[in-house]
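Visitor: what follows is a predicted protein model with its sequence.
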Amino acid sequence: MKVLIIGGGGREHAIAYKIAQSKKVSAIYCAPGNAGIEEYAVCVPIGVMEFDKLADFALKEGIDLTVVGPDDPLVGGIVDVFLERGLRIFGPKKDAAMIEGSKAFSKELMKKYHIPTASFEAFHTAKEAYNYLENCSYPIVLKADGLALGKGVLICNTKEEAADGVKSIMEDKQFGAAGDVLVIEEFMTGREVSILAFCDGTDIAVMTSAQDHKRALDNDEGLNTGGMGTFSPSPFYTQEINDYCMEYIYKPTMDAMKKEGRSFTGILFTGLMLTKDGPKVLEYNARFGDPETQVVLPRLKTDLIDIFESCIDGCLSKLKLEFEDNAAVCVVLASKGYPLAYEKGYRIDGLEELKKTEGVFAFHAGTKKENDAVVTAGGRVLGITATGSNLKEARRNAYKAAEVVKFANKYHRNDIGKAIDEA
């Protein structure tokens, strides 16, 4: 079969790598792809939001299955467009992708169906938000309602910080239209865990756990980013916690979406906080996480195409997910200055050497081909992922591999997976 992947980052590279292992696949295309994805797929210069062009391409090439990576096209309704044109596609329809597209919607959903989460209020004007800040307990969390590349969340320790945050999001439009509505919620403490799950509209199959590192600098300092590194599995996510979440969070979320007429097929990403009062939902995403995918998919044993097709056909319950009994750590190599201004176009060396090392993957996020070289083309450049028999070994392997790759203005955190030592 022929498969088309929509996207061009590290997540899509990991998806392409895993799809290429399926004996069912004869050809892979990726739009727009990147320099690393070219190893597995023919890259097509079509943007992720050019739905009609993508559908035209899929029809012309006889694509049997399209897999959507990023959030923007899902929230924009790419699945609806493809289905209307008779094309087979993996991902939630526009009305279901709203679970990520609007934080206010997802919070109201959780409130209505008694799914554990932080208390909150949503505001449509800055004036209402400023008034609410007068009687808050601090710290609090401000969240832009819409999509903001994983950066639309501000933790505010004082009323002054919160007021600045409201101004930045709602008046200065730091995140554009994503800040038209603002969610203010209580600050939760505990361990964060990322759980990706396959969904077929009724049933849900949870993948192995992961933990992301959002802040740009060591010790969780600096600005929020799209993610600076991950590890899998999380030693803090036990079978007992999984059973609780399945009963009170994952299955109720699927049921709630169905009752709302928004049946969810695709990837449900649940960001959890393991609080002293039990697990609570931080947020939902409607797609594979980035860079969580880079540590979860290398550990997956089950054929990914079989899983996608089971979700689309509504028979996920007949399939058993299997993962390797190992661990993986991903260290993101970024351009200095990310997530603010940074320079690009620098030659990357060491990639060929890494290919010789078993259990090491250089998932390309922001790269492109320039003449015969691979050069930097984004804030997050590469996700250097390594496996190991346990988390500590995987962490050592990942950092050792990260040193092999060289480019000007290279930056990475030095404490990805440090929490492992505390487990």
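Guide: Done, it's in.
Visitor: what stretches of the stretch 251-400 of the chain score poorly on pLDDT?
Guide: Under the criterion of pLDDT under 70, none of the stretch 251-400 of the chain is flagged as low confidence.
Visitor: the stretch 51-200 of the chain too?
Guide: Along the stretch 51-200 of the chain, segments meeting pLDDT under 70 span 150.
Visitor: which stretches in it count as strands?
Guide: 65-68, 89-90, 120-123, 140-144, 153-156, 182-186, 191-200 (DSSP state E, counting those that start in this stretch).
Visitor: could you export the ones you listed as JSON lines, including distance to residue 413?
Guide: The way it works is simple: take the backbone N, C-alpha and C, and place the C-beta from them, glycine included. Shown next, in JSON lines, are the strands of the stretch 51-200 of the chain (distance: least, Cβ to Cβ, whole Å):
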{"stretch": "strand 65-68", "distance to residue 413": "29"}
{"stretch": "strand 89-90", "distance to residue 413": "32"}
{"stretch": "strand 120-123", "distance to residue 413": "30"}
{"stretch": "strand 140-144", "distance to residue 413": "22"}
{"stretch": "strand 153-156", "distance to residue 413": "18"}
{"stretch": "strand 182-186", "distance to residue 413": "26"}
{"stretch": "strand 191-200", "distance to residue 413": "15"}
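Visitor: would you convert the ones you listed into a markdown table that also reports distance to residue 224 and mean neighbour count?
Guide: Formatted as a markdown table, those follow (distance: least, Cβ to Cβ, whole Å; neighbours: other Cβ atoms under 10 Å):
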| stretch | distance to residue 224 | mean neighbour count |
| --- | --- | --- |
| strand 65-68 | 24 | 25 |
| strand 89-90 | 28 | 25 |
| strand 120-123 | 18 | 18 |
| strand 140-144 | 11 | 24 |
| strand 153-156 | 6 | 19 |
| strand 182-186 | 15 | 22 |
| strand 191-200 | 13 | 22 |
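Visitor: of those strands, which approaches residue 259 most closely?
Guide: Among those, the nearest to residue 259 by Cβ to Cβ is strand 191-200 (14.9 Å).
Visitor: after the closest one, which helix or strand is next? Please name it.
Guide: Next in sequence after strand 191-200, counting helices and strands by DSSP states H and E, comes strand 204-206.
Visitor: which neighbouring elements make contact with that following strand?
Guide: For strand 204-206, the packing partners by 3 or more Cβ pairs under 8 Å, 6 or more residues apart in numbering; DSSP states H and E come out as strand 191-200.
Visitor: quick one: residue 231 and residue 420 touch, right?
Guide: Yes. When contacts are counted by Cβ atoms under 8 Å, residue 231 is listed as touching residue 420 (6.6 Å).
Visitor: overlap in contacts of these two?
Guide: Residues touching both residue 231 and residue 420 by Cβ atoms under 8 Å, 6 or more residues apart in numbering: 391, 395.
Visitor: the more surrounded of those two?
Guide: Neighbour count, other Cβ atoms under 10 Å: between residue 231 and residue 420, residue 231 has more, with 28 against 19.
Visitor: how near is the more buried one to residue 352?
Guide: 26 Å (Cβ to Cβ, to the nearest Å).
Visitor: and if you look at residue 280?
Guide: Residue 280 is 45 Å from residue 352, by Cβ to Cβ.
Visitor: neighbour count: those two, which is higher?
Guide: residue 280 (21 against 10).
Visitor: ok, now which ones touch the more buried one?
Guide: Residue 280 makes contact with 116, 117, 118, 188, 272, 273 under the criterion Cβ under 8 Å, 6+ apart.
Visitor: ok so it is a strand residue?
Guide: Yes. The assignment for residue 280 is a strand, going by DSSP: H, G, I helix; E, B strand; the rest coil.
Visitor: skipping adjacent residues, who's closest to it in space?
Guide: Using Cβ to Cβ, 6 or more residues apart in numbering and skipping residues adjacent in sequence, the residue nearest residue 280 is residue 116, 4.4 Å away.
Visitor: what does residue 180 give?
Guide: residue 145 (6.7 Å).
Visitor: tally of neighbours for the one you found?
Guide: Residue 145 has 26 neighbouring residues, counting by other Cβ under 10 Å.
Visitor: I'd say it and residue 184 touch.
Guide: No. With contact defined as Cβ under 8 Å, residue 145 does not count as touching residue 184 (11.0 Å).
Visitor: so what sits against both of the two?
Guide: Listed contacts common to residue 145 and residue 184 are residue 122; contacts here mean Cβ under 8 Å, 6+ apart.
Visitor: quick check: the residue nearest to residue 280 touching residue 252?
Guide: No. Residue 116 is not in contact with residue 252 according to Cβ under 8 Å; the separation is 9.5 Å.
Visitor: what helix or strand is residue 22 on?
Guide: Assessed by DSSP H and E, residue 22 sits outside every helix and strand.
Visitor: return the set of buried residues in stretch 4-14.
Guide: Neighbour-count burial for stretch 4-14 flags 4, 5, 6, 7, 8, 9, 10, 11, 12, 13, 14 (criterion: 16 or more other Cβ atoms under 10 Å).
Visitor: phi, psi of the fifth one?
Guide: Translated: residue 8. Here is the backbone geometry of residue 8 (degrees, to the nearest 10): phi -150, psi 30.
Visitor: break this structure down into its structural domains.
Guide: If you go by automatic domain parsing, the domain ranges for the chain are 2-93, 125-180, 191-318, 327-422.
Visitor: can you put these in a markdown table and add distance to residue 107?
Guide: What follows is the domains of the chain, written out as a markdown table (distance: least, Cβ to Cβ, whole Å):
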| stretch | distance to residue 107 |
| --- | --- |
| domain 2-93 | 16 |
| domain 125-180 | 9 |
| domain 191-318 | 9 |
| domain 327-422 | 25 |
